[in-house]
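K.L.:
how would this look folded up:
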Amino acid sequence: HTVSAWLEKHAATLGPTTSPPKGWRILESQSGDLNGDGRNDFAVVLEEQTESAERPDAEGSSSRRIVVLLAQAGGSLRTAHVNLTLVLDGTAGGVFGDPFEGISIENGSLVISHYGGSNFRWSWGMEFRYVGGLFRLTGLTHGSMYTGTANGEETVCDFLRGTVERRASGGPEDGALLYSGNMESKIYTFDQANFDEVAANVEIPFL
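P.N.:
Have a look, this model is predicted:
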């Protein structure tokens, strides 16, 4: 498999944070054309293998990495982007467990999905695509729901238009518009995006 071959060749460049390093395993891999050249690119989520279940670093980054590999004309893969925080580690989901739901590539967009919580459930969907040569965040979806009533809310941020919208989800008001407005159309490039900073954008309606 081309992704496995890439990992074997480039694992040392991913910045292992344990000593001695235990290597990486492929948690998930999805393929699709991300840059519009007609070739199959890959997004790969890697998990560092550690000797214990403890968080392996002290800098706040996850033990997981997500790497974007662009296909070249000769069939090889080029490491185009790496992010250290966009895929949460297995301890970040609360009582619900590992929050990482998966990644998908559709219509030129890469979507990273998470779901977690306990009585109060939450979900995150972060969409990245190439815009003006930048692989950047274009959409953010956040859901919240109380399991006791199944009433919740869904907030959608559009970083290209600079808009934010919140609707009720579940219950008698399902789909009702709760808030609609503008926000600063920030640019978060894939390599520099931080999960917590991106997630903070859903608080804009309350400022």
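K.L.:
Grab the most central residue of this protein for me.
P.N.:
Residue closest to the average C-alpha location in the chain (Cα atoms, centre = their mean): Ile112, at 3.4 Å.
K.L.:
ok, that one - contacts?
P.N.:
Applying Cβ atoms under 8 Å, 6 or more residues apart in numbering to Ile112 gives the contacts 66, 86-87, 103, 124-126, 128. Every residue, glycine included, has its C-beta placed from N, CA and C.
K.L.:
and if you look at Arg161?
P.N.:
Contacts of Arg161 by Cβ under 8 Å, 6+ apart are Ser185.
K.L.:
Can you report phi and psi for it?
P.N.:
Per-residue torsions, Arg161: phi -90, psi -20 (degrees, to the nearest 10).
K.L.:
Please report the distance of it from Asn201.
P.N.:
Between Arg161 and Asn201 the computed distance is 13 Å (Cβ to Cβ, to the nearest Å).
K.L.:
need the helix or strand of this protein with the lowest average pLDDT.
P.N.:
helix 2-10 (a mean of 75; mean pLDDT, DSSP states H and E).
K.L.:
Which secondary structure elements does the next helix or strand after it sit against?
P.N.:
Counting by DSSP states H and E, the next helix or strand C-terminal to helix 2-10 is strand 24-32. Here strand 24-32 touches helix 2-10, strand 41-48, strand 100-106, going by 3 or more Cβ pairs under 8 Å, 6 or more residues apart in numbering; DSSP states H and E.
K.L.:
among these, which is nearest Glu197?
P.N.:
strand 100-106 (18.7 Å; Cβ to Cβ).
K.L.:
which neighbours does that closest one have in its sheet, and in what orientation?
P.N.:
Sheet pairing of strand 100-106 (DSSP bridges) gives strand 109-117 (antiparallel).
K.L.:
okay, the angle between the partner strand and strand 24-32?
P.N.:
Angle of strand 109-117 versus strand 24-32, following axes from the mean of the first three to the mean of the last three Cα atoms, to 10 degrees, is 130 degrees.
K.L.:
Could you tell me which residues within strand 109-117 count as buried?
P.N.:
By neighbour count on 16 or more other Cβ atoms under 10 Å, the buried set for strand 109-117 is 110-117.
K.L.:
Let me know whether Ile66 touches Val87 as I believe.
P.N.:
Yes: if you go by Cβ atoms under 8 Å, Ile66 and Val87 touch, sitting 5.0 Å apart.
K.L.:
Now list whatever residues contact both of these two.
P.N.:
What both Ile66 and Val87 touch, as defined by Cβ under 8 Å, 6+ apart, is the set 45, 112.
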